[in-house]
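Colleague: For reference, the sequence and a predicted model appear below.
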Amino acid sequence: MQSFISETLDTILKTTKSFEDVVFVLPSQRAKVFVKQTFKDKIRVGFLSEILSIEQFVNQISGIEKADNVQLLFHFYTIYKNLEKDYVSFDVFASWAFTVIQDFNEIDQHLIDAKDIFIYLRDIQRLKKWSVKGEFKETELMKDHYSFLEKLTTFYTTFYNFLKEKNIGYQGLIYRESCQKIDIFLQQNSHKKFFFIGFNALNKAEEYLFKKILETGNSEIYWDIDTVFLNSNHQAGKFIRKYKSEWKYYDKNDIKIVGNTFSTPKKIEVIGASKNTTQLKYAGEILEKITDFTNTALVLADETLLPITLNSLPKNIDAINITMGYPLKDLPTTNLLFSIFQLFISQEKLQKVVEKEFYFKDVIRFFKQQSIYKFLPEIDAFSDEIAKQNQTFINQNHLLKLLQNTSLELKEILSAIFKGYDSITSFIDRILNLIDFLKEDVNDLEKEYLFRFYTRFTQLKTLQKEYKYFTDLKTLSLFFRQLIASESLSFQGEPLKGLQLMGMLETRALDFENIILIATNEGVLPATSQQNSFIPFDVKIEFGLPSYREKDAIFSYHFFRLLQRAKNVFIIYNTEHDVFGSGEKSRFVTQLEMMRTDVVQKIVAPKVLTPKVKLKEVAKNESVIERLKELAKKGISPSALTNYLYNPISFYKQKILRLKEFEDVEETVAYNTLGTVVHETLDELYTPYVGQFLLEDAVDSMQKKSKELVEKYFKNEFKNGDISTGRNRLIFEVANRFVNNFLAQEKELLKDKKNQLKIIATEENIATEITIEGIDFPIKIHGQVDRVDELNGVLRIIDYKTGMVSGSDLRVLEFEKLREKEQYKAIQVLLYAYLYTKSKKYDFSQPLAAGIYSFKNLNNGFLAIDFSSNYRKPAVEITEEKLDEFINEIKNYIKEIYTLEVDFKEPADLKY
């Protein structure tokens, strides 16, 4: 395969023998490297020509240095502040200023009269406001927008002149100035010959410069276009056809380098793969089969896939050259820096600046960053201690205790991070000190990351000292986030060795035999038509600025040009409809399939071996039985038994292995905490009346105390937690409402003087022993019954539930089906009734009922165990016979627990 560059140089060598005064101008830095190498291979003796990228060439003509984005932004804000009376803060300004600078850049690159376009924009807005009746209601937002558009001309002119004076500029300004200085440049370089190689879509400034230089008669331009696209109406040839028909140069000269390689036989596969990972893994499989990578390119249509790609390359790749930048936002160091900002942003938001306390999650997030954690493994124990103490906020004493065993240098640097700051400059200093410390113990790649951030923060510090635009930390944080989103870390490698990994734009003027093109989906190639600009689409068309149509044509050219000389082409696209794309292959791929008959289409899918889900199973042995014997002496509670019935493995973990749930800081009141608070409050309210008949006055007295007691028990259970605001306040009010609603219902009951309510016990611990056939030791069953009372001669065993319980949950028709129907609440309540009757030697001389008060279903009052299938005729009395029948079923469950041959098995149909 002869590449475009090689073919072009062969053509030039036929007419040019000396290259001392020759300048090659290329569309990209990468193309420069390949031209230089090819040139060296073809000429053994003689001077090498000057080789420039188009940006370098234009800079050379204009004599103006390109400024970076941060510099431009600060200069623009200076001008903005001078022109505006009511100016916005720097972070708000930065949110739209980047877009404005981009619009200025585009206007200048296409040599549009800025005054004309901005007046046109202004007039459109004035027409929108005009009406026959003279009535037009403007919101403040609309007024601000119209005012902003009116001032664009002033912003542009002042900014342009300011940059010109400093001899710096954005790309568009440099292009416009080079067009004004081209005649002088040509006079000074009349002895030089210029060759423009591999261009396609030129902006108006480039067109002007190229035509001027070609008019001299001793310069040439070489296009890379196939006859298939040039001699048809295909989108890929749009720009070159336009130049051929419009440029006077082509009245006397033929167009150079028109190939006919696109139609030659090729191996082309179009492969559909689900999700990005599958695409990259399949590309890795293709690369594994290639032995020589010198003529192979892996091209990413979606450059955001670079981090995943680097982790998916096969081991047989020993050298790789990457022309894309690695996004800074994806680096671990970025997360570390964001975590420092978050410490102080949360502190201010949660109003803890005076107390100098930090939100616990922010502190742990910072210390668990990879680069900090390795110096401070004690953070794990520190996290556990915070959870135990339920410490939502961390103060300086906690931090000093954590850092007490570290080196003096590390202690000083990390302590400084958490100290109050008196200026933004001092805050940047502490970040620079941390980066400086971290660089000593990292690999070369991590050093690159740190160095990039060090230079960025040093630049921000210098600009802050000069301009003082960062008024607070939030402004700096927002600006840093905006900056990092668009920046990348460039890779340096040997450009002519190994696999070439690049984006679509980097393929300009380059050819490869083997091409693997990834993410060729509609919406990615070409990109969506969404534009980030203050200039509307119709205005762009009116003034000849490029729109999405031109951008589509540019990508069409890149796609088809890349395939012209290739022999093996693998085009992979995502078949899934998800947030990363439409699942539709690119229109360019569809066009390719229609243009050629040798395209092989296939869909690939990863080999998924679905493992059989093996349910957990634990066999019992003698040590388990010993632990169960201990449990029999200590006692099995109704909740432990229902836990076994729901999931034996969970019972095994809690009661045999004695595993506790992981303790975490309870920021928001947990549901079990809410339940405990309600139970404890009602216990304290009712305890003074045990053994007495309850009167209305007593309930009135309880209602007055209830809120104070709810607060008391929240403080006991929700250690160091804040219940004054937010969700916790709402949960506190819910608990208060639960108690008040319950007391109101009690009062309503007692208003009827016929009702006699006697409190017999509250939160009473009760226990009994049972003997089971086949088990040679007694089993103790124990529990705490929330309340026992007597209402109009009926003894009631009551369980409080803060969750939702309905009457159907407590309808027991067959004891044998309690487990099958998962009637765990009914089992608990009946066990409390059994325990009470046995521990108190109850003789069933008066009616007995047991049930639940559900605080989420108080309207239905006391929900009793009901043995009737007819809900209109409830049977709520619990007889001795019923309890004996029930306990026989319970004995079967307990016998199962104590039978050595019956393993603990996880149920297949667990809901949670």
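Modeller: Nice, I can see it. Residues are numbered from 1 along each chain as shown.

Colleague: could you point out the longest helix in this protein?
Modeller: The longest helix of the chain (DSSP state H) is helix 726-751.

Colleague: Can you give me the buried ones in it?
Modeller: By neighbour count on 16 or more other Cβ atoms under 10 Å, the buried set for helix 726-751 is 728, 731-732, 734-736, 738-739, 742-743, 745-747, 749-750. Glycine gets a C-beta too; all of them are placed from N, C-alpha and C.

Colleague: ok, now stretch 266-280?
Modeller: Lys266, Ile268, Val270, Ile271, Gly272, Ala273, Ser274, Asn276, Thr278, Gln279, Leu280.

Colleague: Now the longest helix of the chain: average pLDDT?
Modeller: For helix 726-751, the per-residue pLDDT values average out at 91.

Colleague: Next SSE downstream of it?
Modeller: strand 757-770 (DSSP states H and E).

Colleague: quick revisit: what angle separates the longest helix of the chain from strand 757-770?
Modeller: 110 degrees (axes from the mean of the first three to the mean of the last three Cα atoms, to 10 degrees).

Colleague: Can you tell me which of the buried residues of helix 726-751 comes closest to Val699?
Modeller: The shortest gap between Val699 and any of the buried residues of helix 726-751 belongs to Lys747, at 4.5 Å (Cβ to Cβ).

Colleague: Settle this for me: that closest one is touching Ser701, isn't it.
Modeller: No. Judged on Cβ atoms under 8 Å, Lys747 makes no contact with Ser701 at a distance of 11.1 Å.

Colleague: if we can go back for a sec, packing partners for the longest helix of the chain?
Modeller: The contact analysis (3 or more Cβ pairs under 8 Å, 6 or more residues apart in numbering; DSSP states H and E) places helix 726-751 against helix 671-686, helix 696-717, strand 757-770.

Colleague: and those, which is most packed in?
Modeller: helix 671-686 (a mean of 19; mean count of other Cβ atoms under 10 Å).

Colleague: which ones are touching the closest residue to Lys151 other than its chain neighbours?
Modeller: Nearest residue to Lys151, sequence neighbours excluded (Cβ to Cβ, 6 or more residues apart in numbering): Leu83, at 7.1 Å. Contacts of Leu83 were listed using Cβ atoms under 8 Å, 6 or more residues apart in numbering, and they are Lys151, Thr154, Phe155, Thr158.

Colleague: Same check on Ser312?
Modeller: Per Cβ under 8 Å, 6+ apart, neighbours of Ser312: Thr277, Leu280, Lys281, Ala283, Gly284.

Colleague: Give me the nearest residue to it, chain neighbours excluded.
Modeller: Leu280 is the one closest to Ser312 (Cβ to Cβ, 6+ apart), at 4.1 Å.

Colleague: so the one you found makes contact with Ile516?
Modeller: No. With contact defined as Cβ under 8 Å, Leu280 does not reach Ile516; the gap is 10.0 Å.

Colleague: Asp799 belongs to a strand?
Modeller: Yes. Looking at Asp799 with DSSP: H, G, I helix; E, B strand; the rest coil, it is inside a strand.

Colleague: List the contacts of the nearest residue to Glu880 once chain neighbours are set aside.
Modeller: Distances taken as Cβ to Cβ, 6+ apart place Phe844 nearest to Glu880, at 5.1 Å, with adjacent residues excluded. Contact partners of Phe844, counting by Cβ under 8 Å, 6+ apart, are Thr837, Thr879, Glu880.

Colleague: Just the buried positions in stretch 231-240, please.
Modeller: His234, Gln235, Ala236, Gly237, Lys238, Phe239, Ile240.

Colleague: What is the neighbour count of the residue nearest to the fourth one when sequence neighbours are not counted?
Modeller: When you say that, I think you mean Gly237. In this structure, Gly237 finds its nearest non-sequential neighbour in Phe229, 3.7 Å apart by Cβ to Cβ, 6+ apart. When neighbours are defined as other Cβ atoms under 10 Å, Phe229 has 23 of them.

Colleague: so what's Phe229 up against?
Modeller: Phe229 makes contact with Ala236, Gly237, Phe262, Tyr557, Phe560 under the criterion Cβ under 8 Å, 6+ apart.

Colleague: measure the first one to Ala761 for me?
Modeller: Distance of Ala236 to Ala761, computed by Cβ to Cβ, to the nearest Å: 88 Å.

Colleague: what's the answer for the third one, then?
Modeller: Computed with Cβ to Cβ, the distance linking Phe262 and Ala761 is 93 Å.

Colleague: Kindly report the same for the last one.
Modeller: Using Cβ to Cβ, one obtains 87 Å as the distance from Phe560 to Ala761.

Colleague: Same check on the second one?
Modeller: Using Cβ to Cβ, one obtains 93 Å as the distance from Gly237 to Ala761.

Colleague: can you list the residues that contact the lowest-mean-pLDDT helix or strand in the chain?
Modeller: Least confident helix or strand of the chain, by mean pLDDT, DSSP states H and E, is helix 140-150 with a mean of 78. Residues from elsewhere that reach helix 140-150 (Cβ under 8 Å, 6+ apart): Phe118, Leu121, Arg122, Gln125, Lys129, Glu138, Phe534.

Colleague: and the helix or strand just after it, which residues are buried?
Modeller: Sequence order places helix 152-166 as the next helix or strand after helix 140-150, per DSSP H and E. Within helix 152-166, the residues that qualify as buried are Leu152, Thr153, Phe155, Tyr156, Thr158, Phe159, Tyr160, Phe162, Leu163, counting by 16+ other Cβ under 10 Å.

Colleague: Quickly name whichever of these is closest to Asn568.
Modeller: Leu163 (48.2 Å).

Colleague: Per-residue pLDDT of the closest residue to Leu685 other than its chain neighbours, please?
Modeller: Leaving aside its sequence neighbours, Leu685 sits nearest to Met702 (Cβ to Cβ, 6+ apart; 4.5 Å). We have a pLDDT of 95 for Met702.

Colleague: same question, Arg44
Modeller: 69.

Colleague: returning to what we had before: now, the contacts of Ser312 that are in helices?
Modeller: Thr277, Leu280, Lys281, Ala283, Gly284.

Colleague: Now distance to Lys905 and pLDDT too, for those, in TSV please.
Modeller: Formatted as TSV, the ones in helices among the contacts of Ser312 follow (distance: Cβ to Cβ, whole Å; pLDDT from 0 to 100):
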residue	distance to Lys905	pLDDT
Thr277	36	91
Leu280	41	94
Lys281	38	93
Ala283	45	95
Gly284	42	93
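
Colleague: Pick the one among those residues closest to Tyr871.
Modeller: Thr277 (55.1 Å).

Colleague: burial of the residue lying closest to the closest one once chain neighbours are set aside, as a residue count?
Modeller: Nearest residue to Thr277, sequence neighbours excluded (Cβ to Cβ, 6+ apart): Ile308, at 6.6 Å. When neighbours are defined as other Cβ under 10 Å, Ile308 has 15 of them.

Colleague: So Ile308 belongs to a helix, correct?
Modeller: Yes. With three-state DSSP as the criterion, Ile308 is part of a helix.

Colleague: where in this structure is pLDDT low?
Modeller: 44-45, 131-138, 492-493, 529, 578-582, 661-671, 719-721, 912 (pLDDT under 70).

Colleague: Pretty sure Thr406 sits against Ile379.
Modeller: No. Applying Cβ under 8 Å, one finds Thr406 not in contact with Ile379, separated by 11.0 Å.

Colleague: residues contacting His398?
Modeller: Per Cβ under 8 Å, 6+ apart, neighbours of His398: Phe382, Ile386, Gln391.

Colleague: Now neighbour count too, for these, in CSV please.
Modeller: Shown next, in CSV, are the contacts of His398 (neighbours: other Cβ atoms under 10 Å):
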residue, neighbour count
Phe382, 20
Ile386, 22
Gln391, 18
